[in-house]
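> predicted coordinates and the sequence they were generated for:
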Amino acid sequence: MPASPEPDALGREAARVLDELAATRALAPSSLAAYRRTLEAFSVFVRTRGRRDWAAVDAEDVRAFVAVRQRTGRGARTLARELAAVRRLFRHLAGEGRRGSPLLDVRAPRQPRPLPEVLDPDLVGRLLDFPPVDPESVLDRALLELLYSSALRVSELVAVDCTDLDLNEGLVRVTGKGQRTRILPVGRAARQALELWLPVRAAQAAPGESALFVGVRGHRLGRRGVALRLARRARRQGIDARVYPHLLRHSCATHLLEASGDLRGVQEFLGHRHLATTQIYTHLDFQHLARIYDSCHPRARRRP
């Protein structure tokens, strides 16, 4: 009869799976860190329930784990991410022929998905309507125009290298979630702003630096640096709303959908794997249509 695994075998197994995911770059570093925290917590939890091997873990263990995490204040979105980490573990074990998944009928609690905030086109115009008169404003104008023009995630923006940009063709190559690469158009205003930025960048970049956007010290800008620049620029432009990088992505997606009605095209543009992720923008588009109806339809307008 084989010897029973040591009490910490659960954690070692989970750590091995995570190390293999890291080696294959199947997850972004931030996602990998979140998975690691979840699986460490899950390993400790099932051990308190007397499990000493993953083969002994069942759906009730998973449901109990989700219930405990929910009671500590985690929302539906966080719980869904944690379940994804546990699924990833059991999918890996199943691939090794060790066991099937106990999660077939386990679902995270659902809650209404909040609609993303957006800026209307006039506010976007006000945000971007400033003269690029010095290196700081040239940089701000270039990165904000590209964020809005190509609906980039801030992580995609800061990862762009000079070799990813083709201003002659008006294209930029970005690497998004899951290390998926896509080629996106760069609008006329963004191309003009980038043409002004490139000579400034050449004088400012540190030797060997490949990033398209660099700070005053010549090195790649980070996500926090972009967010701070955007918030500061919004204040200077007299915009009272909270303005952050993903707001420009949401705004671009909404404006595209309002103008084109092409949900599949917007899905591809944004790099969403599932159409359901993109469909949230149809609700925003409907709200826009409803406002137009209420203000314009003769039978909808209130009589004085």
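Looks like it arrived, so ask away.
> make it CA atoms for all contacts and neighbour counts henceforth
Will do.
> and residue 175, its phi and psi?
Phi and psi for residue 175, reported as degrees, to the nearest 10, are phi -120, psi 120.
> got the contact list for it?
By CA atoms under 8 Å, 6 or more residues apart in numbering, the contact set of residue 175 is 156, 159, 181-182.
> how much space separates residue 30 from residue 122?
Taking CA to CA, to the nearest Å as the measure, residue 30 falls 35 Å from residue 122.
> and if you look at residue 72?
When residue 72 is compared with residue 122 (using CA to CA), they lie 42 Å apart.
> do the same with residue 270
Using CA to CA, which is the criterion applied here, residue 270 is 22 Å from residue 122.
> could you do residue 214 as well?
When distance is defined by CA to CA, residue 214 is 29 Å away from residue 122.
> who has more neighbours, these two?
When residue 214 and residue 122 are compared for neighbours, residue 214 comes out ahead with 21 against 8, by other CA atoms under 10 Å.
> got phi/psi on the closest residue to that one other than its chain neighbours?
Leaving aside its chain neighbours, residue 214 sits nearest to residue 220 (4.4 Å; criterion: CA to CA, 6 or more residues apart in numbering). Listed backbone geometry of residue 220 is phi -50, psi 130, with angles given as degrees, to the nearest 10.
> where does the nearest residue to residue 210 once chain neighbours are set aside land on pLDDT?
Taking CA to CA, 6+ apart as the measure, residue 210 lies nearest to residue 161, with 5.4 Å between them; neighbours along the chain are not counted. According to the per-residue confidence, residue 161 scores 95 in pLDDT.
> what about residue 161, neighbour count?
Residue 161 has 17 neighbours, counted by other CA under 10 Å.
> give the bridge partners for it, please.
According to DSSP bridges, residue 211 are recorded as the beta-bridge partners of residue 161.
> which residues in the protein form helices?
Along the chain, counting by DSSP state H, helices occupy 9-24, 29-48, 59-71, 76-95, 121-128, 135-150, 154-159, 188-204, 223-236, 245-260, 263-270, 275-278, 280-296.
> can you pull the buried residues of the fifth one?
This means helix 121-128. When burial is assessed from 16 or more other CA atoms under 10 Å, helix 121-128 yields the following buried residues: 123-124, 127-128.
> residues touching it, excluding its own?
Contacts to helix 121-128, defined as CA under 8 Å, 6+ apart, come from residues 141, 144-145, 233-234, 237, 239, 255.
> picking up where we left off before, the residue nearest to residue 210 and residue 253: what is the separation?
When CA to CA is the yardstick, residue 161 and residue 253 sit 24 Å from each other.
> could you check the pLDDT of the spatially closest residue to residue 85 that is not a sequence neighbour?
Nearest in space to residue 85, with sequence neighbours left out and distances taken as CA to CA, 6+ apart, is residue 35 at 5.2 Å. Per-residue confidence for residue 35 comes out at a pLDDT of 86.
> check contacts around the most centrally placed residue in the chain.
Most central in the chain under CA atoms, centre = their mean is residue 153, positioned 6.0 Å from the mean C-alpha point. By CA under 8 Å, 6+ apart, residue 153 lies in contact with 147, 176, 245-246, 249.
> dihedrals phi and psi, residue 119?
Dihedral angles phi and psi of residue 119 (degrees, to the nearest 10) take the values phi -100, psi 140.
> for it, grab the count of nearby residues.
A count of neighbours around residue 119, defined by other CA under 10 Å, yields 18.
> just checking, it touches residue 245?
No: the pair residue 119 / residue 245 is not scored as a contact, 11.6 Å apart, by CA atoms under 8 Å.
> how about stretch 32-46: buried residues?
Taking 16+ other CA under 10 Å as the criterion, stretch 32-46 shows 32, 35-36, 38-40, 42-43, 45-46 as buried.
> one more: stretch 83-90?
In stretch 83-90, the ones that count as buried by 16+ other CA under 10 Å are 83, 85-90.
> okay, those residues in CSV with distance to residue 187 and pLDDT next?
Shown next, in CSV, are the buried residues of stretch 83-90 (distance: CA to CA, whole Å; pLDDT from 0 to 100):
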residue, distance to residue 187, pLDDT
83, 39, 86
85, 38, 85
86, 41, 86
87, 40, 84
88, 39, 82
89, 42, 82
90, 44, 82
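> pick the one among those residues closest to residue 191.
Within these, proximity to residue 191 (CA to CA) peaks at residue 85, which comes in at 40.1 Å.
> how near is the closest one to residue 129?
From residue 85 over to residue 129 (counting by CA to CA), the distance is 43 Å.
> and residue 165, how many neighbours?
A count of neighbours around residue 165, defined by other CA under 10 Å, yields 20.
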